[in-house]
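Q: the following block contains a protein sequence and its predicted model.
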Amino acid sequence: MSKNKFYITTSIAYANAEPHIGYALELLQADVLARYHRQKGDDVFFLTGMDEHGKKIQQKAELENKTPKEFVDEISEKFKSLAKELGISNDSFIRTSDEKMHYPIVFDFWKKFVEKEDIYKNTYEAFYCVGCEAFINEKDLKDGECIIHKKAPEQVSEENYFFKFSKYAERVKELIQKDEIKIVPEHRKKEMLNLFESEKVSDVSFSRPKESVGWGINVPSDDTQKIYVWADALTNYISGLGGPTGKLYEKFWPADVHLVGKDILRFHAMIWPAMLLSLELPLPKNIYVHGFITHEGVKMSKSLGNVVSPFDLIEKYGKEAVRYYLLREIPSYQDGDFSDERFKERYGDLSNKLGNLVLRVSAIAEKNKDILGEIKISENDISESIRNTISEYEKNIESFHLNVALENIFKLIDVSDKMVEESKLWELPKKDKEEFKKTTKDLILSIAYTAYLLLPFLPDTSERIFSALGISKDKKDWSEKPLSIKKPEPLFPRLD
RNA sequence: CGCGGGGUAGAGGAGUGGUACCUCGGCGGUCUCAUAAGCCGCAGGUCGUGGGUUCGAUCCCCACCCCCGCAACCA
């Protein structure tokens, strides 16, 4: 069997603030998919990174008396440590301020756009509201005044380079329609197709005057202009592979999955494919779109002061529990909610179900190891319930229903618990030694599969279960070595 | 305005033209291997509103009400 390759990316986080629990979710979802494919034996490349240019960062840095570079260096360290604390298995971390990795590819792409005559200079007329410190749409004006600041905006005209999105829009739409770029879930695809119907096929601004945005990559051969976010940030997916001439690119491009938040789908579904068409490069296969997390039903925002820090959560509950909550409780592609109360309820799955099962079965097995003698397990012996769990689980992971895949695993844990109960496993050593051996073996096999399926989600826990059973995570080894079961410390101590 | 999704037990979610289901929570019972965990059972819903199609609708059709998303550089 030839090895498949699997290239997955997260969106790159905008470096204007500390890591957010929503970004933790995106990292985790991507991590599960990456680990799942590695376990299947695929050749995986998992990229994440930071978007570090732009006006907001420039302003933030000024506020803190730092250069933009100093500022983003600090922030990106925090994002890196978040990935580390969450146990994210990314293979690389690209930063758009990386002059060696990223800049040359952006320049390169820009020049190609110019060669294809897909870039042109134009004057951009817009309303600028001093109160908002931003351009505002004509639609958002009421009686010619900004709704928020009740002031007439200034009419500003600005020179920008534009990218001929309109030239490619029809083709991109078709690709989305035919699922050649597959947008998951379906309703997001409909939203995008609908966007093409409206007047949104106009060309997009790809640069800003230097005075307007000073922190960014220069437009080649015009140092009065800086490259604007899309031409800069989206390019990370290829610069992160070392550009279109590198070995990694050759092996991994096109991306199998771009994982993005619903807020930036349109850029990934519209502008990015159009850029690739212009560059004559292959297109990503799938775009998975996740939702946002509310905090007790309320949108998290700095002004409300209800932002949940992923670091605090990890410190309080541990990495594995945080992974479990976010992946289980937040539907992969809808919005979800975080609450402390709910977190504690969910934690019960880990301590009372998973941890308890492993402990009770291994305790009985260890105590009666002379009756059990030398036992081995084999994947050929799997029961109907294990078989069903596996097929449901795989189906759900591959359709980006990660929360449901976790649910599948916990159903299997229930089955095991009932098996202990119904067989009265603890009485069997005295009553029926053969039955005891057989039931224990079945149970251990079921637990081994639980750990196996859990591996992409809770890698450390999975590891601890295997070590309690005395086997490796590699299924091929299972029938080779006899088990050596040792009662572990509780996997997830009660919270209280 | 438009396009899309949705309104099902206290909460969160499945579901089907014909006994309405799962998880969490609540209540009661039970075992004792285990982290006072587990297992069993109970309570609780006129399946948004009003019409229609049908022998029969939560499920199909129509109208309406409400919520949410997209439309807009909020992870």
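A: Perfect, I can see it now. Residues are numbered from 1 along each chain as shown, chains lettered A, B, ... in the order given.
Q: could you use CA atoms for every contact and neighbour count after this?
A: OK.
Q: is stretch A:426-437 positioned near RNA strand B?
A: Yes - judged by C-alpha under 7 Å from any atom of the strand, stretch A:426-437 and RNA strand B are in contact via residue A:426.
Q: let me fix that, I meant to ask about stretch A:188-206.
A: Yes - contact of stretch A:188-206 with RNA strand B (C-alpha under 7 Å from any atom of the strand) involves A:188, A:190, A:191, A:192, A:194, A:195, A:200.
Q: what does the stretch 301-450 of chain A put close to RNA strand B?
A: Checking the stretch 301-450 of chain A against RNA strand B by C-alpha under 7 Å from any atom of the strand, the hits are A:301, A:336, A:342, A:345-346, A:348, A:350-357, A:359-361, A:363-364, A:414, A:417-418, A:420-422, A:424-426.
Q: just the buried residues of those residues.
A: Taking 16 or more other C-alpha atoms under 10 Å as the criterion, what is buried in these is A:336, A:346, A:348, A:350-351, A:353-357, A:359-361, A:363-364, A:417, A:420, A:425-426.
Q: can you tell me which of those are in helices?
A: Taking DSSP state H, the ones among these that sit in helices are A:346, A:348, A:356, A:357, A:359, A:360, A:361, A:363, A:364, A:417, A:420.
Q: next, the buried residues of whatever helix or strand residue A:390 lives in.
A: According to DSSP states H and E, residue A:390 maps onto helix A:384-398. By neighbour count on 16+ other C-alpha under 10 Å, the buried set for helix A:384-398 is A:386, A:389, A:390, A:392, A:393, A:394, A:396, A:397.
Q: ok, the last one touching residue A:33?
A: When you say that, I think you mean residue A:397. Yes - assessed by C-alpha atoms under 8 Å, residue A:397 is found in contact with residue A:33 at 7.4 Å.
Q: how distant is stretch A:86-95 from the center of its chain?
A: With C-alpha atoms, centre = their mean, to the nearest Å as the basis, stretch A:86-95 stands 11 Å off its chain's centre.
Q: measure residue A:37 to residue A:418 for me?
A: 31 Å (C-alpha to C-alpha, to the nearest Å).
Q: next, the buried residues of stretch A:486-496.
A: A:486, A:487, A:488, A:491, A:492.
Q: re the thing from before, may I ask which two of the ones in helices among the buried ones among the residues of the stretch 301-450 of chain A next to RNA strand B are separated the most?
A: For those, the farthest-apart pair by C-alpha to C-alpha is A:346 and A:364; their separation is 26.7 Å.
Q: quick one: the strands in the stretch 51-200 of chain A?
A: Listed in chain order, the strands of the stretch 51-200 of chain A (DSSP state E, counting those that start in this stretch) span A:92-95, A:119-129, A:134-136, A:141-142, A:145-146, A:154-163, A:182-184.
Q: low-confidence ranges in the stretch 101-250 of chain A?
A: A:126-154, A:198-200 (pLDDT under 70).
Q: at 90 instead, please
A: A:121-161, A:166, A:169-170, A:173-174, A:176-179, A:183-216, A:221-226, A:228-231 (pLDDT under 90).
Q: close to RNA strand B: what parts of it are there?
A: With the criterion set to C-alpha under 7 Å from any atom of the strand, the stretch 101-250 of chain A comes near RNA strand B through A:135, A:187, A:188, A:190, A:191, A:192, A:194, A:195, A:200, A:229.
Q: before we move on, what SS does the closest residue to residue A:36 other than its chain neighbours have?
A: Spatial nearest neighbour of residue A:36, chain neighbours left out: residue A:456 (5.3 Å); criterion: C-alpha to C-alpha, 6 or more residues apart in numbering. The three-state label given to residue A:456 by DSSP: H, G, I helix; E, B strand; the rest coil is coil.
Q: low-confidence regions, the stretch 351-496 of chain A specifically.
A: A:369-385, A:387-389, A:391-392, A:395-405, A:407-408, A:474-485, A:494-496.
Q: so what's the residue count around residue A:292?
A: The number of residues packed near residue A:292 is 22, by other C-alpha atoms under 10 Å.
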